[in-house]
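Chemist: Structure here, sequence nowhere to be found:
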């Protein structure tokens, strides 16, 4: 379903398009990732409009975090897709980082209906209690609704739409770029490419979706990622090549583990993270998002 198909799905607001003080999103970092590493980056809100909003989806309202410059006309729009840890402080900070670059960035809570993973302390529990019950179709619809919300504020230009996601959100980045061909460009940070097991709520993974991909996607992966072997990355490269997709690219960083961009975790690799961030900016500019 495209964003336009949502028609009248407008944000629930008070006093026009003013922000709601809802406090539905998690505060701080997920419990599972604490203690927080000293390398954690915190981006201020000077010159920004940043905070929680509520958006209307096909099945009710859900919270989201958005950030954009205070000044300026209609801004290029970037959807930010959460890690398995939900829209916690790191994802909010990514939105602010993008806003500092001149984007309207928004991260919708894609687990809102299923549960709050930020209070859980075990990865297996996160999957067993929440993630395994999140349908891809729900995620696609909620991301569509985010585009509608952003456009309705008058601050975002949906014709310059990009998407980036991390970990769980990396896979969703590849998937959404197939779902919505109006996306100008996507950047997937270490998202799974091959299904670990067949699940009815997650019917297709990027390697299977590659033949249908028309949007240019930049994939950023770590050579030492135990959860996404380099063999899977090469399988995805082969699938893109077989589909004659010459617009997408994959970069693999030597020595980098999973979540190498996550500055709040021991996995953080500064050199790879900074290079990936620069590549992401260049990719968005190259394909008409910026």
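Modeler: That came through fine. Not measured: the values here are computed from a predicted model.
Chemist: can you give me the helices for the stretch 101-250 of the chain?
Modeler: For the stretch 101-250 of the chain, helices defined by DSSP state H, counting those that start in this stretch occupy the ranges 123-129, 136-152, 168-179, 206-209, 230-242.
Chemist: Any idea which of those helices gets closest to residue 92?
Modeler: Nearest of these to residue 92, taken as C-beta to C-beta: helix 168-179 at 13.5 Å. Where you see a C-beta, it was placed from the backbone N, CA and C, and this is true even at glycine.
Chemist: Need the contact partners of that closest one.
Modeler: 1, 79-84, 110, 131, 136, 139-140, 143, 163-165, 183, 186-193, 204-206, 209, 212-215, 217, 219 (C-beta atoms under 8 Å, 6 or more residues apart in numbering).
Chemist: mind listing the strands for the stretch 51-200 of the chain?
Modeler: Under the criterion DSSP state E, counting those that start in this stretch, the stretch 51-200 of the chain contains strands at 60-69, 75-81, 104-108, 156-166, 185-189.
Chemist: would a markdown table of those strands with mean pLDDT, mean neighbour count and distance to residue 200 be doable?
Modeler: Output for the strands of the stretch 51-200 of the chain, formatted as a markdown table (pLDDT from 0 to 100; neighbours: other C-beta atoms under 10 Å; distance: least, C-beta to C-beta, whole Å):
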| stretch | mean pLDDT | mean neighbour count | distance to residue 200 |
| --- | --- | --- | --- |
| strand 60-69 | 96 | 22 | 23 |
| strand 75-81 | 98 | 27 | 21 |
| strand 104-108 | 98 | 27 | 23 |
| strand 156-166 | 98 | 23 | 22 |
| strand 185-189 | 98 | 29 | 23 |
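Chemist: Please name whichever of the helices of the stretch 101-250 of the chain is nearest to residue 259.
Modeler: When the helices of the stretch 101-250 of the chain are compared by C-beta to C-beta, helix 168-179 sits nearest residue 259, at 10.0 Å.
Chemist: what inclination does the closest one have with respect to strand 104-108?
Modeler: If you take axes from the mean of the first three to the mean of the last three C-alpha atoms, to 10 degrees, helix 168-179 sits at 110 degrees to strand 104-108.
Chemist: any idea how far residue 200 is from the residue nearest to residue 224 when sequence neighbours are not counted?
Modeler: Using C-beta to C-beta, 6 or more residues apart in numbering and skipping the chain neighbours, the partner closest in space to residue 224 is residue 257 (4.7 Å). For residue 257, the distance to residue 200 equals 31 Å [C-beta to C-beta, to the nearest Å].
Chemist: Comparing these two, which residue is more hemmed in?
Modeler: Applying other C-beta atoms under 10 Å to residue 257 and residue 200 shows that residue 257 carries more neighbours, namely 20 against 6.
Chemist: Give the helix, strand or coil label for that one.
Modeler: Using DSSP: H, G, I helix; E, B strand; the rest coil, the structure places residue 257 in coil.
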